[in-house]
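1. the sequence and its predicted three-dimensional model are supplied below.
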Amino acid sequence: QVQLVESGGGLVQPGGSLTLSCVASGSIAHTVAMGWYRQAPGNEREMVAIVTSGHSTNYADSVKGRFTVSRDNDKNTVLLQMNSLKPEDTAVYYCKVRGYPQYSGTLADYWGQGTQVTVSS
């Protein structure tokens with residue numbers, strides 16, 4: 001069983017900052033990539049930022065230069081530092097881990113339960 005525990009969401013004013021954290025635990029033998037997605041009301045879930053086990057990163061165009069994703073492989077943790085937040089960043093943010101479960105050669109995706117980020121004055 002794999003569990004993802006997210007923290008760090010909340011209410012922030014435009015221009016402010018927040019840091020999201022996600023800790024993965026359980027039977028993952030190897031993590032290929034960790035990242036963050038978000039879903040605003042009425043919208044589809046979209047990729048925000050991804051970091052691979054080799055620390056390569058990929059960002060949505062809308063967050064480039066404002067958000068930074070990082071990971072600690074030893075602790076199976078992924079962080080999302082969000083700066084210069086805008087009202088359009090308001091969404092539920094989900095942590096996602098892609099990896100190989102123990103005793104399995106099948107790649108699997110795991111999702112957290114989501115954490116609300118609201119940017120409003």
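-> Looks like it came in fine. Residues are numbered from 1 along each chain as shown.
2. need the contact partners of stretch 15-23.
-> Here stretch 15-23 makes contact (CB atoms under 8 Å, 6 or more residues apart in numbering) with 4-10, 12, 34, 36, 75-85, 93, 95, 97, 112, 115, 117, 119. All C-beta spots, glycine's among them, are computed from the backbone N, C-alpha and C.
3. just the buried positions in it, please.
-> 18, 20, 22, 23 (16 or more other CB atoms under 10 Å).
4. repeat for stretch 44-62
-> 48, 49, 50, 51, 59.
5. average pLDDT for it, rounded please.
-> The average pLDDT within stretch 44-62 is 96.
6. what's the end-to-end length of it?
-> 15 Å (CA to CA, to the nearest Å).
7. identify the residues contacting that stretch?
-> Under the contact criterion CB under 8 Å, 6+ apart, stretch 44-62 has outside partners 30-39, 63, 67-71, 73, 78, 80, 88, 93-94.
8. ends of stretch 67-83, how far apart?
-> End to end - CA to CA - stretch 67-83 spans 6 Å.
9. buried stuff in it?
-> So for stretch 67-83, counting by 16+ other CB under 10 Å, buried means 67, 68, 69, 71, 76, 77, 78, 79, 80, 82.
10. now swap in stretch 23-42 and tell me
-> 23, 24, 28, 31, 33, 34, 35, 36, 37, 38.
11. now the last one, nearest residue through space, not along the chain?
-> Put plainly, it is residue 38. residue 91 (3.8 Å; CB to CB, 6 or more residues apart in numbering).
12. and the buried residues of stretch 67-83, which is the shakiest by pLDDT?
-> Out of these, that is residue 76, at 86.
13. quick one: it and residue 31 touch, right?
-> Yes - contact criterion CB atoms under 8 Å: residue 76 and residue 31 qualify, at 6.4 Å.
14. overlap of the contact sets of these two?
-> By CB under 8 Å, 6+ apart, the residues touching both residue 76 and residue 31 are 24, 97.
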